[in-house]
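Visitor: Kindly return the folded structure for what I paste below:
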Amino acid sequence: MLGTKVETLLAVVKYQNFTRAAQALSMTQPAVSHQMRQLEEEVGAPLFVRNKAGLRLTPQGEIVVKYARRLTALNTKMHWELQNTENNLSVLRVGITHTSESNLTAATLAKCSSLHSGLKIILFTDTINNLYDMLGNYEIDLAILDGAFVDPHFSSMMLDTDYLMCVMSNSSPLARKGAVTLNELKKQKMILRTPASATRTLFESTLESNNESIENFNVTLEVDNIATIKDLIRKNLGVSILPRSACMDELKKGKLTALPIENLSMVRETKIIYNKDFSHMNILNEIIKIYGNTDL
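Guide: From the prediction side, this is the model:
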């Protein structure tokens, strides 16, 4: 149903070059240029400007691309739903954060797929803001996100309540304690998530509510990958602040120690976020049921 100009536009944006886009689409470069000129005439605005680095979208071009992606995603969703109606198949596109890669979420989705023959789950990993954009554009069907905030344009269901803890090597002197004080934490080398992460944001906001600042702590390394942080902690290269759910496997196997921090309550909610017109509520209930299975 989509016109070829939409596909061509997205290819040009992806490759930032008319020639490479033409090669990817098995078209000639003049044909790509012609379609882009036609599209600019249709919308009544220039879509690209050229600079030394190549092509750059104009403000109008960014708007057109946003809706082109949404149209493409809706077109794909329509065909999948038509296929599901005819053949009893189901494709579920789920967006998760980097933290969710290291906790029960990914395992829950894998088990859900295995229990439903014909159910294919596609995982996308990105930041919370980008996942909200993808959800709004219908590029994903669900997003499993941490944090209490839910955009009012979407619906949500509670999946879990998690909390942040100080995670350390078993050989750390702190591991013999029942809890960690802020003064003790200030003396440690800290390996933290990057400032844009929900984990880091919650930790810093909790510190501020207790008249403390991240500047008073010895943050020696910032890493966006949870698995890398846990590996560095196991080698006793520092301590970190991580969700307990992200360390469950290591804690059960006795590979790491996680302790609460005195006077800091860092509780956060994990929710399934979806568009208000999402119709497969049985799948949501199944995900929640599997997630709550402690034997997973």
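Visitor: Can you list the helices and strands that the helix or strand containing His79 packs against?
Guide: Here His79 sits within helix 59-87, counting by DSSP states H and E. Contacts defined by 3 or more CB pairs under 8 Å, 6 or more residues apart in numbering; DSSP states H and E place helix 59-87 against helix 4-15, helix 29-43, strand 90-96. Bear in mind the C-beta positions are built from the backbone N, C-alpha and C, glycine included.
Visitor: got the angle between the longest one and helix 59-87?
Guide: Going back to what we said before, that points to helix 29-43. Computed by axes from the mean of the first three to the mean of the last three CA atoms, to 10 degrees, the angle separating helix 29-43 from helix 59-87 equals 100 degrees.
Visitor: What lies in contact with helix 29-43?
Guide: 4-5, 8-9, 11-12, 18-19, 21-22, 25, 46-48, 60, 64 (CB atoms under 8 Å, 6 or more residues apart in numbering).
Visitor: 6 Å - rerun?
Guide: Applying CB atoms under 6 Å, 6 or more residues apart in numbering, the set of residues contacting helix 29-43 from outside is Lys5, Thr8, Phe18, Thr19, Ala21, Ala22, Pro46, Leu47, Val64.
Visitor: that older thread, buried residues in the helix holding His79?
Guide: Within helix 59-87, the residues that qualify as buried are Gly61, Val64, Val65, Ala68, Arg69, Arg70, Leu71, Thr72, Ala73, Lys77, Trp80, counting by 16 or more other CB atoms under 10 Å.
Visitor: Am I right that Val267 is in contact with Tyr163?
Guide: Yes. Between Val267 and Tyr163 there is a contact at 4.7 Å, judged by CB atoms under 6 Å.
Visitor: Which one of these two is surrounded by more residues?
Guide: Tyr163 (15 against 11; other CB atoms under 10 Å).
Visitor: other SSEs contacting the one helix or strand that one maps to?
Guide: Per DSSP H and E, Tyr163 falls inside strand 154-168. Helices and strands touching strand 154-168, by 3 or more CB pairs under 6 Å, 6 or more residues apart in numbering; DSSP states H and E, are strand 240-243, strand 257-259, strand 267-275.
Visitor: Report the inter-axis angle for the worst-scoring helix or strand of the chain on mean pLDDT versus strand 90-96.
Guide: The weakest-scoring helix or strand in the chain, judged by mean pLDDT, DSSP states H and E, is helix 59-87 (a mean of 78). On the basis of the same axes, to 10 degrees, helix 59-87 is oriented at 140 degrees to strand 90-96.
Visitor: and helix 59-87 with helix 4-15, angle?
Guide: Computed by the same axes, to 10 degrees, the angle between helix 59-87 and helix 4-15 is 110 degrees.
Visitor: returning to what we had before: distance to Gln38 added to the buried residues of helix 59-87, as CSV?
Guide: CSV is the format used below for the buried residues of helix 59-87 (distance: CB to CB, whole Å):
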residue, distance to Gln38
Gly61, 14
Val64, 13
Val65, 16
Ala68, 14
Arg69, 19
Arg70, 20
Leu71, 17
Thr72, 18
Ala73, 23
Lys77, 27
Trp80, 29
